[in-house]
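*Asks:* Just the structure for this:
(one chain, ligands or ions: 1)
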Amino acid sequence: MKPVKVGICGLGTVGSGTVNVLTRNATEISARAGCEIIITQIGARRDNPNCNTSAFNVTRDIFEVVTNPEIDIVVELIGGTTIAKDLVLQAIANGKHVVTANKALIAEFGNEIFTAAKEAGVTVAFEAAVAGGIPVIKSIKEGLAANKIQWLAGIINGTGNFILTEMRDKGRAFDDVLREAQALGYAEADPTFDVEGIDAAHKLVILASIAFGMPLQFDKVFTEGITKITAEDVSYAQELGYRIKHLGIARKVGDAVELRVHPTLIPKERLIANVDGVMNAVMVKGDAVGPTMYYGPGAGAEPTASAVIADIVDLARTLTADPEHRVPHLGFQPNALNNFEVLPISEVQTSYYIRLNALDKPGVLSTITQILSDAGVSIEALIQKEQPESIETSPIILLTNRAVEKDLMRAVEKIQNLSSVVGEVFQIRMESLGK
Ligand code: HSE
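*Replies:* Okay, the predicted model is just below:
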(Lines give C-alpha, C1' and ligand atoms only; values in the text may rest on other atoms or scores of the structure.)
Protein backbone atom coordinates (compact mmCIF):
# COMPACT_ATOMS: atom_id res chain seq x y z
CA MET A 1 0.00 0.00 0.00
CA LYS A 2 1.26 3.48 -0.78
CA PRO A 3 2.33 5.64 2.18
CA VAL A 4 -0.34 7.61 4.04
CA LYS A 5 0.51 11.29 4.43
CA VAL A 6 -0.52 13.19 7.52
CA GLY A 7 -0.48 16.87 8.32
CA ILE A 8 -0.30 17.84 11.99
CA CYS A 9 -1.86 21.12 13.11
CA GLY A 10 -0.70 22.23 16.54
CA LEU A 11 2.55 21.49 18.33
CA GLY A 12 1.51 21.83 21.98
CA THR A 13 1.56 19.01 24.54
CA VAL A 14 -0.35 16.50 22.37
CA GLY A 15 1.09 17.67 19.03
CA SER A 16 4.66 17.24 20.19
CA GLY A 17 3.82 13.87 21.77
CA THR A 18 2.28 12.72 18.48
CA VAL A 19 5.33 13.74 16.41
CA ASN A 20 7.68 12.07 18.90
CA VAL A 21 5.77 8.76 19.08
CA LEU A 22 5.13 8.60 15.31
CA THR A 23 8.87 9.06 14.77
CA ARG A 24 10.12 6.75 17.53
CA ASN A 25 7.71 3.88 16.80
CA ALA A 26 7.54 4.26 13.01
CA THR A 27 8.48 0.61 12.37
CA GLU A 28 5.80 -0.88 14.64
CA ILE A 29 3.17 1.62 13.51
CA SER A 30 3.75 0.91 9.77
CA ALA A 31 3.77 -2.83 10.46
CA ARG A 32 0.33 -2.49 12.04
CA ALA A 33 -1.11 -0.06 9.49
CA GLY A 34 0.18 -1.99 6.48
CA CYS A 35 1.76 1.13 5.03
CA GLU A 36 4.24 3.82 5.95
CA ILE A 37 2.81 6.84 7.78
CA ILE A 38 4.61 10.02 6.80
CA ILE A 39 4.38 13.40 8.50
CA THR A 40 4.19 15.51 5.36
CA GLN A 41 3.69 18.87 7.05
CA ILE A 42 3.38 20.41 10.51
CA GLY A 43 1.44 23.61 11.05
CA ALA A 44 2.33 25.41 14.28
CA ARG A 45 2.53 29.01 15.37
CA ARG A 46 5.66 28.30 17.37
CA ASP A 47 8.24 25.57 18.00
CA ASN A 48 8.05 23.28 21.00
CA PRO A 49 11.32 22.52 22.84
CA ASN A 50 10.00 19.01 23.58
CA CYS A 51 10.00 18.09 19.92
CA ASN A 52 12.67 18.24 17.23
CA THR A 53 11.02 19.22 13.95
CA SER A 54 14.18 19.88 11.93
CA ALA A 55 13.45 16.91 9.65
CA PHE A 56 9.92 18.13 8.79
CA ASN A 57 8.26 20.71 6.60
CA VAL A 58 6.94 23.20 9.18
CA THR A 59 4.63 26.07 8.32
CA ARG A 60 3.41 28.89 10.57
CA ASP A 61 0.11 28.91 8.65
CA ILE A 62 -1.95 25.93 9.84
CA PHE A 63 -4.45 26.43 7.00
CA GLU A 64 -1.66 25.57 4.55
CA VAL A 65 -1.89 22.00 5.93
CA VAL A 66 -5.58 21.60 5.08
CA THR A 67 -5.06 22.82 1.52
CA ASN A 68 -1.89 20.80 0.92
CA PRO A 69 -2.93 18.40 -1.90
CA GLU A 70 -0.40 15.79 -0.72
CA ILE A 71 -2.06 15.27 2.66
CA ASP A 72 -4.58 12.44 3.27
CA ILE A 73 -5.24 12.94 7.00
CA VAL A 74 -5.31 16.23 8.92
CA VAL A 75 -4.59 15.88 12.64
CA GLU A 76 -6.18 18.77 14.52
CA LEU A 77 -4.42 19.40 17.83
CA ILE A 78 -4.83 23.14 18.29
CA GLY A 79 -7.86 22.94 20.63
CA GLY A 80 -10.69 25.46 21.05
CA THR A 81 -13.83 25.72 19.00
CA THR A 82 -13.27 28.69 16.69
CA ILE A 83 -10.17 28.30 14.50
CA ALA A 84 -10.23 24.53 15.08
CA LYS A 85 -13.79 24.33 13.74
CA ASP A 86 -12.90 26.29 10.58
CA LEU A 87 -9.81 24.15 10.13
CA VAL A 88 -11.70 20.85 10.47
CA LEU A 89 -14.56 21.95 8.19
CA GLN A 90 -12.07 23.14 5.55
CA ALA A 91 -10.15 19.87 5.78
CA ILE A 92 -13.41 17.95 5.27
CA ALA A 93 -14.41 20.19 2.36
CA ASN A 94 -11.01 19.43 0.80
CA GLY A 95 -11.74 15.68 1.06
CA LYS A 96 -9.33 14.99 3.92
CA HIS A 97 -9.95 12.64 6.82
CA VAL A 98 -9.54 14.23 10.23
CA VAL A 99 -8.17 13.00 13.53
CA THR A 100 -8.80 15.25 16.52
CA ALA A 101 -8.26 15.24 20.29
CA ASN A 102 -10.66 18.17 20.63
CA LYS A 103 -13.49 17.17 22.99
CA ALA A 104 -15.03 20.67 23.10
CA LEU A 105 -15.22 20.75 19.31
CA ILE A 106 -16.83 17.31 19.04
CA ALA A 107 -19.19 17.84 22.01
CA GLU A 108 -20.41 21.22 20.81
CA PHE A 109 -20.19 20.96 17.01
CA GLY A 110 -19.93 17.21 16.37
CA ASN A 111 -23.42 16.92 14.81
CA GLU A 112 -22.54 19.55 12.19
CA ILE A 113 -19.04 18.18 11.62
CA PHE A 114 -20.21 14.56 11.18
CA THR A 115 -22.92 15.64 8.71
CA ALA A 116 -20.31 17.52 6.65
CA ALA A 117 -17.94 14.54 6.84
CA LYS A 118 -20.64 12.10 5.71
CA GLU A 119 -21.49 14.32 2.73
CA ALA A 120 -17.80 14.52 1.78
CA GLY A 121 -17.28 10.76 2.26
CA VAL A 122 -14.55 11.25 4.87
CA THR A 123 -14.15 10.21 8.50
CA VAL A 124 -13.54 12.31 11.60
CA ALA A 125 -11.91 10.19 14.33
CA PHE A 126 -11.79 11.38 17.95
CA GLU A 127 -10.52 8.60 20.25
CA ALA A 128 -8.14 11.02 22.00
CA ALA A 129 -11.00 13.37 22.89
CA VAL A 130 -12.14 11.16 25.78
CA ALA A 131 -10.05 9.69 28.59
CA GLY A 132 -6.64 10.37 26.98
CA GLY A 133 -4.89 7.14 26.11
CA ILE A 134 -7.73 4.74 27.00
CA PRO A 135 -9.34 3.26 23.85
CA VAL A 136 -12.82 3.66 25.30
CA ILE A 137 -14.50 5.12 22.20
CA LYS A 138 -13.43 2.14 20.14
CA SER A 139 -14.46 -0.24 22.93
CA ILE A 140 -17.99 1.15 23.09
CA LYS A 141 -18.47 1.66 19.32
CA GLU A 142 -17.04 -1.70 18.29
CA GLY A 143 -16.29 -3.99 21.23
CA LEU A 144 -19.71 -3.50 22.87
CA ALA A 145 -21.72 -3.35 19.62
CA ALA A 146 -23.91 -6.27 20.72
CA ASN A 147 -25.18 -4.53 23.84
CA LYS A 148 -27.93 -2.23 24.97
CA ILE A 149 -25.84 0.09 27.13
CA GLN A 150 -27.66 0.75 30.42
CA TRP A 151 -25.32 3.23 32.08
CA LEU A 152 -21.77 4.47 32.13
CA ALA A 153 -19.85 6.32 34.81
CA GLY A 154 -16.36 7.67 34.51
CA ILE A 155 -13.54 9.59 36.07
CA ILE A 156 -12.87 11.49 32.86
CA ASN A 157 -10.88 14.50 33.97
CA GLY A 158 -7.31 13.71 35.00
CA THR A 159 -6.65 17.14 36.50
CA GLY A 160 -9.68 16.96 38.82
CA ASN A 161 -8.82 13.44 39.92
CA PHE A 162 -5.20 14.46 40.52
CA ILE A 163 -6.35 17.38 42.70
CA LEU A 164 -8.81 15.27 44.75
CA THR A 165 -6.21 12.54 45.26
CA GLU A 166 -3.43 14.89 46.37
CA MET A 167 -5.79 16.74 48.73
CA ARG A 168 -6.94 13.44 50.28
CA ASP A 169 -3.55 11.70 50.53
CA LYS A 170 -1.19 14.57 51.22
CA GLY A 171 -3.48 17.29 52.56
CA ARG A 172 -2.19 19.63 49.82
CA ALA A 173 -3.97 22.88 49.01
CA PHE A 174 -6.24 22.97 45.96
CA ASP A 175 -4.40 25.80 44.13
CA ASP A 176 -1.00 24.25 44.73
CA VAL A 177 -2.03 20.94 43.13
CA LEU A 178 -3.74 22.73 40.25
CA ARG A 179 -0.50 24.61 39.48
CA GLU A 180 1.37 21.29 39.35
CA ALA A 181 -1.26 19.80 36.99
CA GLN A 182 -0.78 22.84 34.72
CA ALA A 183 3.02 22.43 34.75
CA LEU A 184 2.63 18.74 33.85
CA GLY A 185 0.47 19.63 30.82
CA TYR A 186 -2.70 17.96 32.21
CA ALA A 187 -4.87 21.02 32.71
CA GLU A 188 -6.88 22.84 30.05
CA ALA A 189 -5.78 26.29 28.82
CA ASP A 190 -8.58 27.58 31.07
CA PRO A 191 -8.34 25.31 34.15
CA THR A 192 -11.88 26.20 35.29
CA PHE A 193 -12.90 23.76 32.53
CA ASP A 194 -11.25 21.03 34.62
CA VAL A 195 -12.37 21.99 38.12
CA GLU A 196 -15.91 23.11 37.20
CA GLY A 197 -16.61 19.93 35.25
CA ILE A 198 -16.96 21.45 31.76
CA ASP A 199 -14.17 19.29 30.32
CA ALA A 200 -15.80 16.19 31.85
CA ALA A 201 -19.18 17.29 30.45
CA HIS A 202 -17.65 17.53 26.96
CA LYS A 203 -16.35 13.98 27.30
CA LEU A 204 -19.52 12.62 28.90
CA VAL A 205 -21.77 13.81 26.09
CA ILE A 206 -19.52 12.10 23.55
CA LEU A 207 -19.56 8.82 25.52
CA ALA A 208 -23.34 8.98 26.00
CA SER A 209 -23.99 9.62 22.31
CA ILE A 210 -22.01 6.58 21.20
CA ALA A 211 -23.37 4.45 24.05
CA PHE A 212 -27.07 5.19 23.47
CA GLY A 213 -27.05 6.21 19.80
CA MET A 214 -28.19 9.81 20.13
CA PRO A 215 -27.07 13.14 18.66
CA LEU A 216 -24.71 15.19 20.85
CA GLN A 217 -26.61 17.46 23.28
CA PHE A 218 -23.87 19.22 25.25
CA ASP A 219 -26.16 22.01 26.49
CA LYS A 220 -28.31 19.44 28.35
CA VAL A 221 -25.54 18.09 30.60
CA PHE A 222 -25.91 18.98 34.30
CA THR A 223 -22.48 20.10 35.53
CA GLU A 224 -21.16 20.68 39.04
CA GLY A 225 -17.45 21.11 39.90
CA ILE A 226 -15.23 20.05 42.78
CA THR A 227 -14.46 23.44 44.30
CA LYS A 228 -16.97 23.11 47.18
CA ILE A 229 -15.66 19.76 48.45
CA THR A 230 -13.98 20.20 51.86
CA ALA A 231 -11.38 18.08 53.63
CA GLU A 232 -14.11 17.26 56.20
CA ASP A 233 -16.38 15.80 53.49
CA VAL A 234 -13.52 13.64 52.24
CA SER A 235 -12.89 12.39 55.77
CA TYR A 236 -16.60 11.84 56.72
CA ALA A 237 -17.12 9.94 53.44
CA GLN A 238 -14.13 7.76 54.27
CA GLU A 239 -15.52 7.07 57.76
CA LEU A 240 -18.80 5.92 56.21
CA GLY A 241 -17.03 3.60 53.74
CA TYR A 242 -17.06 5.88 50.68
CA ARG A 243 -14.72 7.91 48.49
CA ILE A 244 -15.56 11.14 46.72
CA LYS A 245 -14.84 11.11 42.99
CA HIS A 246 -15.77 13.61 40.29
CA LEU A 247 -17.85 11.45 37.96
CA GLY A 248 -19.54 11.83 34.61
CA ILE A 249 -22.67 9.67 34.67
CA ALA A 250 -25.01 8.76 31.81
CA ARG A 251 -27.95 6.45 32.40
CA LYS A 252 -30.77 5.26 30.20
CA VAL A 253 -34.11 5.56 32.02
CA GLY A 254 -36.90 4.26 29.77
CA ASP A 255 -36.85 6.48 26.69
CA ALA A 256 -34.92 9.25 28.45
CA VAL A 257 -31.33 9.67 29.58
CA GLU A 258 -29.55 11.26 32.53
CA LEU A 259 -26.41 13.24 31.67
CA ARG A 260 -24.66 14.60 34.74
CA VAL A 261 -21.20 15.54 36.02
CA HIS A 262 -20.79 16.06 39.76
CA PRO A 263 -18.78 14.99 42.81
CA THR A 264 -20.10 11.58 43.84
CA LEU A 265 -19.70 9.32 46.87
CA ILE A 266 -18.99 5.75 45.78
CA PRO A 267 -18.36 2.68 47.97
CA LYS A 268 -14.63 2.52 48.63
CA GLU A 269 -14.39 -1.14 47.60
CA ARG A 270 -15.36 -0.38 43.97
CA LEU A 271 -12.39 -0.56 41.60
CA ILE A 272 -13.23 2.89 40.26
CA ALA A 273 -13.09 4.37 43.78
CA ASN A 274 -9.40 3.43 43.80
CA VAL A 275 -8.50 5.18 40.54
CA ASP A 276 -6.16 7.92 41.67
CA GLY A 277 -3.95 10.73 40.38
CA VAL A 278 -4.22 11.61 36.70
CA MET A 279 -5.57 8.16 35.85
CA ASN A 280 -9.04 7.91 34.31
CA ALA A 281 -11.49 5.03 34.34
CA VAL A 282 -14.82 4.51 32.64
CA MET A 283 -17.32 1.87 33.73
CA VAL A 284 -19.79 0.81 31.04
CA LYS A 285 -22.69 -1.50 31.84
CA GLY A 286 -24.11 -3.43 28.88
CA ASP A 287 -27.13 -5.74 29.13
CA ALA A 288 -25.22 -8.67 27.64
CA VAL A 289 -21.69 -8.17 28.91
CA GLY A 290 -22.55 -6.76 32.37
CA PRO A 291 -20.28 -4.19 34.01
CA THR A 292 -16.96 -3.45 32.27
CA MET A 293 -14.21 -0.97 33.12
CA TYR A 294 -11.56 0.80 31.04
CA TYR A 295 -8.60 2.27 32.90
CA GLY A 296 -5.52 4.28 31.99
CA PRO A 297 -3.89 7.70 31.83
CA GLY A 298 -6.44 10.38 31.02
CA ALA A 299 -4.06 13.17 30.01
CA GLY A 300 -0.47 13.91 29.07
CA ALA A 301 1.56 14.12 25.88
CA GLU A 302 2.30 10.52 24.93
CA PRO A 303 -0.80 8.82 26.40
CA THR A 304 -2.97 11.16 24.32
CA ALA A 305 -0.65 10.73 21.31
CA SER A 306 -1.21 6.98 21.64
CA ALA A 307 -4.94 7.49 21.00
CA VAL A 308 -4.32 10.00 18.18
CA ILE A 309 -2.01 7.57 16.39
CA ALA A 310 -4.42 4.65 16.87
CA ASP A 311 -6.97 6.71 14.93
CA ILE A 312 -4.40 7.45 12.20
CA VAL A 313 -3.66 3.72 11.90
CA ASP A 314 -7.38 2.90 11.77
CA LEU A 315 -7.91 5.48 9.04
CA ALA A 316 -4.86 4.32 7.10
CA ARG A 317 -6.35 0.81 7.03
CA THR A 318 -9.78 1.99 5.88
CA LEU A 319 -8.70 4.65 3.37
CA THR A 320 -9.64 2.37 0.51
CA ALA A 321 -12.91 1.14 2.09
CA ASP A 322 -16.27 2.36 0.84
CA PRO A 323 -17.49 5.10 3.29
CA GLU A 324 -20.65 3.04 3.98
CA HIS A 325 -18.46 0.25 5.29
CA ARG A 326 -16.56 2.34 7.83
CA VAL A 327 -17.55 2.45 11.51
CA PRO A 328 -20.13 5.30 11.78
CA HIS A 329 -19.05 8.42 13.68
CA LEU A 330 -21.32 7.74 16.66
CA GLY A 331 -21.22 3.95 16.35
CA PHE A 332 -24.86 3.80 15.15
CA GLN A 333 -25.85 4.49 11.51
CA PRO A 334 -26.78 8.22 11.29
CA ASN A 335 -30.41 7.43 10.32
CA ALA A 336 -30.75 5.19 13.39
CA LEU A 337 -29.93 7.87 15.98
CA ASN A 338 -32.68 8.69 18.51
CA ASN A 339 -33.34 12.10 20.03
CA PHE A 340 -33.79 10.78 23.56
CA GLU A 341 -35.06 13.33 26.08
CA VAL A 342 -32.38 14.38 28.58
CA LEU A 343 -33.89 14.44 32.09
CA PRO A 344 -33.49 17.68 34.10
CA ILE A 345 -31.45 17.14 37.27
CA SER A 346 -34.61 17.70 39.39
CA GLU A 347 -36.04 14.43 38.01
CA VAL A 348 -32.90 12.35 38.56
CA GLN A 349 -33.08 9.60 41.19
CA THR A 350 -30.04 8.92 43.32
CA SER A 351 -28.91 8.70 46.96
CA TYR A 352 -27.39 11.59 48.90
CA TYR A 353 -24.81 12.51 51.50
CA ILE A 354 -26.04 15.48 53.54
CA ARG A 355 -23.82 17.49 55.88
CA LEU A 356 -25.10 20.17 58.23
CA ASN A 357 -24.28 21.91 61.48
CA ALA A 358 -27.02 21.94 64.13
CA LEU A 359 -27.43 23.13 67.71
CA ASP A 360 -26.63 20.32 70.07
CA LYS A 361 -29.99 20.12 71.89
CA PRO A 362 -32.80 17.57 72.26
CA GLY A 363 -35.33 17.24 69.45
CA VAL A 364 -33.19 18.71 66.66
CA LEU A 365 -32.22 15.39 65.15
CA SER A 366 -35.77 14.04 65.24
CA THR A 367 -37.10 17.18 63.52
CA ILE A 368 -34.56 16.73 60.72
CA THR A 369 -35.31 13.04 60.22
CA GLN A 370 -39.07 13.78 60.29
CA ILE A 371 -38.70 16.37 57.49
CA LEU A 372 -36.88 13.82 55.35
CA SER A 373 -39.40 11.10 56.13
CA ASP A 374 -42.32 13.44 55.21
CA ALA A 375 -40.62 14.01 51.83
CA GLY A 376 -40.46 10.24 51.26
CA VAL A 377 -36.67 10.16 51.79
CA SER A 378 -35.44 7.32 53.99
CA ILE A 379 -32.16 7.46 55.89
CA GLU A 380 -29.53 4.77 55.51
CA ALA A 381 -26.88 6.06 57.92
CA LEU A 382 -26.41 8.96 60.30
CA ILE A 383 -23.47 10.20 62.33
CA GLN A 384 -23.36 13.09 64.75
CA LYS A 385 -19.84 14.21 65.57
CA GLU A 386 -18.96 14.82 69.21
CA GLN A 387 -17.74 18.37 69.83
CA PRO A 388 -16.02 19.95 72.86
CA GLU A 389 -18.58 21.39 75.33
CA SER A 390 -17.55 24.96 74.46
CA ILE A 391 -18.94 24.51 70.91
CA GLU A 392 -22.74 24.74 70.70
CA THR A 393 -23.22 23.09 67.35
CA SER A 394 -22.19 19.73 66.01
CA PRO A 395 -21.88 18.37 62.47
CA ILE A 396 -24.53 15.84 61.42
CA ILE A 397 -23.92 13.63 58.40
CA LEU A 398 -26.77 11.68 56.82
CA LEU A 399 -26.79 9.17 53.99
CA THR A 400 -30.15 8.70 52.31
CA ASN A 401 -31.62 5.96 50.17
CA ARG A 402 -32.54 6.73 46.57
CA ALA A 403 -34.88 9.70 46.17
CA VAL A 404 -35.99 11.99 43.36
CA GLU A 405 -33.80 15.11 43.50
CA LYS A 406 -36.68 17.61 43.63
CA ASP A 407 -38.15 15.81 46.72
CA LEU A 408 -34.78 15.75 48.43
CA MET A 409 -34.16 19.43 47.67
CA ARG A 410 -37.56 20.42 49.09
CA ALA A 411 -36.64 18.65 52.33
CA VAL A 412 -33.17 20.25 52.35
CA GLU A 413 -34.76 23.69 51.99
CA LYS A 414 -36.97 23.02 55.05
CA ILE A 415 -33.98 21.78 57.05
CA GLN A 416 -32.00 24.84 55.99
CA ASN A 417 -34.77 27.09 57.34
CA LEU A 418 -34.77 25.52 60.84
CA SER A 419 -33.52 27.96 63.49
CA SER A 420 -31.50 25.11 65.01
CA VAL A 421 -29.47 24.66 61.79
CA VAL A 422 -26.41 26.88 61.43
CA GLY A 423 -24.67 27.55 58.08
CA GLU A 424 -25.26 25.86 54.75
CA VAL A 425 -26.78 22.38 54.39
CA PHE A 426 -24.49 20.73 51.87
CA GLN A 427 -25.27 17.64 49.81
CA ILE A 428 -23.30 15.35 47.50
CA ARG A 429 -24.92 12.73 45.29
CA MET A 430 -24.09 9.05 45.87
CA GLU A 431 -24.02 6.08 43.48
CA SER A 432 -23.48 2.41 44.27
CA LEU A 433 -22.30 1.55 40.70
CA GLY A 434 -23.04 -2.06 41.57
CA LYS A 435 -25.77 -3.11 39.13
N1 HSE B 1 -7.52 18.63 31.01
C2 HSE B 1 -7.84 17.29 30.63
C3 HSE B 1 -7.76 16.40 31.86
C4 HSE B 1 -6.87 16.83 29.57
O5 HSE B 1 -7.19 16.82 32.86
O6 HSE B 1 -8.28 15.30 31.83
C7 HSE B 1 -7.27 15.57 28.89
O8 HSE B 1 -8.48 15.70 28.21
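
*Asks:* residue ranges of the helices in the protein, please?
*Replies:* Using DSSP state H, the helices assigned to the chain run over residues 13-24, 26-33, 62-67, 83-93, 103-120, 136-138, 158-170, 174-183, 192-195, 198-212, 231-239, 301-318, 364-374, 405-416.

*Asks:* neighbouring contacts of the first one?
*Replies:* Applying C-beta atoms under 8 Å, 6 or more residues apart in numbering, the contact partners of helix 13-24 are 6, 8-9, 11, 29, 37, 39, 42, 44, 48, 50-51, 53, 56, 75, 77, 101, 128, 185, 300-306, 308-309, 312. Using the backbone N, CA and C atoms, a C-beta is placed for each residue, glycine as well.

*Asks:* count of neighbours near Lys141?
*Replies:* The burial count assigned to Lys141 is 18, neighbours taken as other C-beta atoms under 10 Å.

*Asks:* give the contact list for Cys9.
*Replies:* With contacts defined as C-beta under 8 Å, 6+ apart, the neighbours of Cys9 are 15, 42-44, 62, 65-66, 74-78, 87.

*Asks:* Okay, and the beta partners of it?
*Replies:* Gly43, Glu76 (DSSP bridges).

*Asks:* Distance-wise, check it relative to the ligand.
*Replies:* The spacing between Cys9 and the ligand, counted by C-beta to the nearest ligand atom, to the nearest Å, is 18 Å.

*Asks:* hmm, back to that, show the buried residues in the contacts of helix 13-24.
*Replies:* Using 16 or more other C-beta atoms under 10 Å as the burial test, those include 6, 8-9, 11, 29, 37, 39, 42, 44, 48, 51, 53, 56, 75, 77, 101, 128, 185, 300-306, 308-309, 312 as buried.

*Asks:* what does this protein put close to the ligand?
*Replies:* Within reach of the ligand by C-beta under 6 Å from any ligand atom, the chain has these residues: 132, 157-159, 186-188, 194, 199, 298-299.

*Asks:* repeat that with 5 Å
*Replies:* By the criterion of C-beta under 5 Å from any ligand atom, the positions of the chain lying close to the ligand are 157-159, 186, 188, 194, 298-299.

*Asks:* Quick check: can you list the domain ranges of this structure?
*Replies:* 4-133+301-336, 136-297, 348-430 (automatic domain parsing).

*Asks:* quick one: whichever residue of the stretch 251-400 of the chain sits closest to the ligand and Ile29, what's the gap?
*Replies:* Among residues of the stretch 251-400 of the chain, the one nearest the ligand by C-beta to the nearest ligand atom turns out to be Ala299. It sits 3.7 Å away. Here the distance between Ala299 and Ile29 works out to 22 Å (C-beta to C-beta, to the nearest Å).

*Asks:* List the residues that contact the closest residue in space to Ile29 that isn't next to it in sequence.
*Replies:* The shortest distance from Ile29 to any non-neighbouring residue, by C-beta to C-beta, 6 or more residues apart in numbering, is to Ile37 (5.8 Å). Contacts here follow C-beta under 8 Å, 6+ apart; on that basis Ile37 touches 3-4, 6, 22, 26, 29-30, 312-313, 316.

*Asks:* please redo it, this time with the cut-off set to 7 Å
*Replies:* By C-beta atoms under 7 Å, 6 or more residues apart in numbering, Ile37 lies in contact with 4, 6, 22, 29-30, 312, 316.

*Asks:* again with Leu77
*Replies:* Shown in contact with Leu77 (C-beta under 7 Å, 6+ apart): 8-10, 12, 14-15, 18, 101.

*Asks:* For my notes, please list the residues you listed in a markdown table and give pLDDT and distance to Gly110 for each entry.
*Replies:* What follows is those, written out as a markdown table (pLDDT from 0 to 100; distance: C-beta to C-beta, whole Å):
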| residue | pLDDT | distance to Gly110 |
| --- | --- | --- |
| Ile8 | 98 | 21 |
| Cys9 | 98 | 18 |
| Gly10 | 98 | 19 |
| Gly12 | 95 | 22 |
| Val14 | 97 | 19 |
| Gly15 | 98 | 21 |
| Thr18 | 98 | 21 |
| Ala101 | 98 | 14 |
